[in-house]
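> below is the structure, and that's it, no one-letter string:
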DNA sequence: GCGGACGACTGAACCGGATAAGTGAAGCCA
DNA sequence: TGGCTTCACTTATCCGGTTCAGTCGTCCGC
C-alpha cells in the first residue's frame, strides 16, 4: 500500500500541487467548488500531509516534548506523571499535536535532550517538570529560544511561561484544619528537597506553624518512595514528644506512614492523624481512608498544554495560576486523644 | 540563535553537502582525514541533522509510536504502563529513536491513530498493548504494513511480531503454591474480560484447578480499579463456602481486597490469603505485605522496543518469549485456619 | 606512456509539502 | 475598446537532508 502524496491528490483533481495545498489549509486562492472537490478526493484516497515535509517547509513539527527526570520505579509508582501526561495528551491530540516523551537521568541529560530536539526541529516546544531553584534548564531553554511552559513555580521561571498551583495556600489550609481539630504537634514528610515545590511547601509549613504559634514545625525530607516514607515516619514517631499529625508530600509515603503507625501500635486517627498530598484512588483503598489534598491533575496537564500551544503560536510568555489543591477530609484525621495531646 | 544546517558545515569545511552527509553517516566516499575534519566542525557548531529533512529523504522518521487505550484514572494508578514506557524509552533513546505517545479512547480511535501516523510518516513502527482476541488492530496494522510489535499473547497476533510472557505458567505456579499451603477454595479477581491476557489467565486458572481436583474455580471480572476489586472481594467473601485464598489480577485490586477483608473482620493471612499480580512497591507498603507475582516490567518494555527496532530494520516478524513472572511470597499468604478449611 | 580502475569528491535531482511570484481570463469602469 | 483589478490558478523556489551520476586526479600494471 502506497502512501498518497499531495501530487496524487493534485493529479486526480486535475490541478497543481499548490492549489491542493491552498485548499487543504483553508488559504484563499481556490474557488469554493474546487476546494470541496479537492477535499473530497483527499479524504477518499486517505491523504494526510507528511509531517516531515510539512515541518521542513513550514517550520512547525506539530509535536511537543516532555522530558521526565525520575528513575523508572518512582515514575511507575507516582500516579502524578501518568495523569499529567494523559491530560497533556488530550489537549494536544485535539489539536493534532503529537507528544514526544523522553526519560532522562539528570538535568544535564535533559538539557542535552532539549538541545537535540531543538537542533533536529523535532518539537515546537517543551513542557518542563520538577522545577528547581536556580534551575539550569531555564536559561538553557531561553538561550535556545525554544518555546516552553514550566509546570510549577511560582518564581524561578525566568522569562519562561509557567502554570503553577498555590501549594503554600493549600498547605496553610491543611495546617489550619489540623490545628482546628486540636493538633499542636504537626510534622511533615517532604519530597525531594532539591525540588522547588518541596521548598515552597517547607517554607509555607514553617510560616504557618509560626503564625499559629506551634512550637515546632519538623520537616523530614524523602525521595517519595514508600521506603523513605516509612523510615521518616518511624523516626518521627520514635522521637520524644512525637507528632499527633503528619502531612506527607505524596500518597505513597502517606500509605507507608499509615502502615508504620499501625505496626507501632498506634491507631489512626486516634493516636495519629495523617494527611496525604495528591489524592489518588490509593487513598481510598486503605484503612482508614486517607484525608488528602487533591486536585485535578489531568486538567493541570491540559492547562499547561494549552499554554504551550499559545506560546508556540506566538503569544507572550505568561505566568498563569491553576486551581489550588483542596482538602478532602476522610477517616485518617480526627482530634488528637486528650492523653496524647 | 540560528540552527546550523548541513550547508553550514559544508561551507566551513570547504566541501559539498554530499560529502558532509557521507562523512556523518559513515558512508564511503570521503577520506578518513576529511571525515574527521567534518565531524569536528559538526560538533563544534552543534550541528544536528533535521529529523524532518532526514525523514523526508531517507524515509525513516526515527520515532516509534505507542497508543494507550485506557482511561486517565486507570493509567495513573497502574504502575505497569509507566514502567513499561520507561523501559521502552531507555532502549529507544539509546539508539536515538523518539517515543511518540498517544492516549486513545477505544480501538477504532487507536486504529485511526495508526493510520494517521502511517500516512504522516510520523513513526517507523508501533508497539501494541492490551491485545484482545480477534483484535481488529492486528489486521489493520498488517494492511498498513506498519512495523509493529505486539506486547502480549501468545497467539492472536496474526503475522505481527510479538513479545509475550507465560502468564498461564505463572498462574499455575501460584495455584500450586496455594494448594501446597492447604487451600482448597481459591478464587480469582480478574481484569477486563475483553483483554486476551485476562482470558489466558482465566483459562489457565480453571485448567489448573481442575487438574488439582479443586471443586470450583470462581473468577470474578473487574476493571482493575480499587472500587471494583473491593466489590468483587465483598461478593466473594459473603458467599457461602467463601474462598480461603484470592488471586488478584493487579496490585491495586489486591490492596482493596485486603482492606475489605479486614473491614469484614477477617484476618489476612489467617482467614484469607491474598496474592497480587504485578509486584509494585505498593505491595510492600500495606500490612501484611502482599505475596505477589512480579516481573521486570521495564525490561519487558525494553525487550519489546528492541524487537520493534529489529522489525523496522527489516528482520522478519518473530514471536519471542519474555521472562515468566515469579512468585514472591510475603506476609499475605499462609495455610488456611483448620476451622475455615 | 597510456588505458583503466579507483578514491575523493562535486553537482544535481529528489523527497513532499508551503508559498511567493507569475499568468491568463473575466469583470468592471470610463 | 482599452486599461485596471480581481480571481483562480500554475510555476518555480525553498526547506535540509540523502543519494546517484558524474568528474577529476592519481596510482597501477603492462
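Cool, got the structure. None of the values given here were measured: they were computed from a predicted structure.
> which residues in the stretch 151-300 of chain A form strands?
Secondary structure of the stretch 151-300 of chain A (DSSP state E, counting those that start in this stretch): strands at A:161-164, A:186-189, A:217-220, A:245-248, A:273-277, A:291-294.
> swap in the stretch 1-150 of chain A?
Going by DSSP E, counting those that start in this stretch, the stretch 1-150 of chain A shows strands at A:63-68, A:98-103, A:125-128, A:148-151.
> tell me what the second one is packed against?
It refers to strand A:98-103. strand A:63-68, helix A:79-94, helix B:79-94, strand B:98-103 (3 or more C-beta pairs under 8 Å, 6 or more residues apart in numbering or on different chains; DSSP states H and E). Backbone N, C-alpha and C define where each C-beta goes, glycine included.
> quick revisit: worst mean pLDDT among the strands of the stretch 151-300 of chain A?
Comparing mean pLDDT across the strands of the stretch 151-300 of chain A, the weakest is strand A:217-220, with a mean of 92.
> ok, back up a step: and among the strands of the stretch 1-150 of chain A, the most buried is which?
Compared across the strands of the stretch 1-150 of chain A, strand A:148-151 shows the largest average neighbour count, a mean of 28 (mean count of other C-beta atoms under 10 Å in any protein chain shown).
> and stretch A:94-108, anywhere near DNA strand C?
No. Using C-beta under 7 Å from any atom of the strand, stretch A:94-108 never reaches DNA strand C; the gap is at least 12.2 Å.
> what parts of the stretch 151-300 of chain A come near chain B?
Neighbours of chain B within the stretch 151-300 of chain A, by C-beta under 8 Å from any C-beta of the partner chain: A:225-227, A:230, A:252, A:255-256, A:259, A:262-263, A:280-282, A:284-287, A:297-298.
> rewinding a little: in TSV: the helices and strands packed on strand A:98-103, plus distance to DNA strand D and mean pLDDT.
Shown next, in TSV, are the helices and strands packed on strand A:98-103 (distance: least, C-beta to the nearest atom of the strand, whole Å; pLDDT from 0 to 100):
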stretch	distance to DNA strand D	mean pLDDT
strand A:63-68	16	96
helix A:79-94	24	93
helix B:79-94	19	93
strand B:98-103	16	95
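> to residue B:322, which of the ones you listed lies closest?
Closest of those to residue B:322 is helix B:79-94, at 11.0 Å (criterion: C-beta to C-beta).
> how far off strand B:63-68 does the closest one point, in degrees?
180 degrees (axes from the mean of the first three to the mean of the last three C-alpha atoms, to 10 degrees).
> show residues contacting helix B:79-94.
Helix B:79-94 is contacted by residues A:72-73, A:75-78, A:81-82, A:101-103, B:64, B:66, B:68, B:70, B:75, B:98-99, B:101, B:127, B:129, B:151, B:250-251, B:278, B:280-282, B:297-306, B:309 when judged by C-beta atoms under 8 Å, 6 or more residues apart in numbering or on different chains.
> how close does residue A:44 get to residue A:74?
Counting by C-beta to C-beta, to the nearest Å, the gap from residue A:44 to residue A:74 is 49 Å.
> quick one: which of those two has more around it?
residue A:74 (19 against 11; other C-beta atoms under 10 Å in any protein chain shown).
> residues contacting the more buried one?
A:223-225.
> quick one: buried ones out of those?
A:224-225 (16 or more other C-beta atoms under 10 Å in any protein chain shown).
> in a markdown table: the contacts of residue A:74, plus pLDDT and distance to DNA strand D.
Output for the contacts of residue A:74, formatted as a markdown table (pLDDT from 0 to 100; distance: C-beta to the nearest atom of the strand, whole Å):
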| residue | pLDDT | distance to DNA strand D |
| --- | --- | --- |
| A:223 | 91 | 40 |
| A:224 | 91 | 40 |
| A:225 | 90 | 42 |
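> identify the residue nearest the residue of the stretch 151-300 of chain A found nearest DNA strand C in space, chain neighbours excluded?
Residue nearest to DNA strand C within the stretch 151-300 of chain A: residue A:161 (23.9 Å; C-beta to the nearest atom of the strand). Leaving aside its sequence neighbours, residue A:161 sits nearest to residue A:317 (C-beta to C-beta, 6 or more residues apart in numbering or on different chains; 3.8 Å).
> dump the residue contacts of that neighbour.
Taking C-beta under 8 Å, 6+ apart, one finds A:159-161, A:311 in contact with residue A:317.
> so what pLDDT did it get?
pLDDT, read off for residue A:317, is 94.
> name the helix or strand for it, please.
Assigned by DSSP states H and E, residue A:317 belongs to no helix or strand.
> run through chain A and note the low-pLDDT ranges.
Applying pLDDT under 70 to chain A flags residues A:1, A:59, A:339-341.
> for it, what lies in contact range of DNA strand C?
Checking chain A against DNA strand C by C-beta under 7 Å from any atom of the strand, the hits are A:3-7, A:17-18, A:21-22, A:24-25, A:27, A:29, A:47-50, A:53-54, A:56-58.
> show me what contacts residue A:148?
Contacts of residue A:148 (C-beta under 8 Å, 6+ apart): A:125-128, A:141, A:160-161, A:308, A:311.
> let me know the closest of these to chain B.
residue A:141 (11.6 Å; C-beta to the nearest C-beta).
> quick one: the closest one and residue A:100, what's the gap?
Taken as C-beta to C-beta, the span from residue A:141 to residue A:100 is 16 Å.
> look up phi and psi at residue A:265.
Torsion angles at residue A:265 (phi, psi; degrees, to the nearest 10) stand at phi 80, psi 10.
> for residue B:323, find the nearest of the strands of the stretch 1-150 of chain A.
Per C-beta to C-beta, nearest to residue B:323 of the strands of the stretch 1-150 of chain A: strand A:98-103, 21.6 Å.
> adjacent strands (with direction) for the closest one?
strand A:63-68 (parallel), strand B:98-103 (antiparallel) (DSSP bridges).
> how many other residues sit next to residue A:286?
29.
> that one is in contact with residue B:260, isn't it?
No. Taking contacts as C-beta atoms under 8 Å, residue A:286 lies outside contact range of residue B:260: 11.4 Å.
> surely the residue of the stretch 151-300 of chain A closest to DNA strand C meets residue A:307?
Yes. With contact defined as C-beta under 8 Å, residue A:161 reaches residue A:307; the gap is 5.7 Å.
> how about the residues of chain A near DNA strand D?
A:14-19, A:22, A:28-31, A:33-34, A:53, A:56-57.
> tell me the buried residues within the residues you listed.
Going by neighbour count (16+ other C-beta under 10 Å), the residues of chain A next to DNA strand D have A:15, A:19, A:22, A:30, A:34, A:53, A:56 buried.
> ok, the fifth one - contacts?
Read it as residue A:34. A:13, A:15, A:19, A:23.
> and for the residue in the stretch 101-250 of chain A that DNA strand C sits nearest to, the neighbour number?
Going by C-beta to the nearest atom of the strand, DNA strand C is nearest to residue A:121 of the stretch 101-250 of chain A, at 12.2 Å. Counted with other C-beta under 10 Å, the neighbours of residue A:121 add up to 20.
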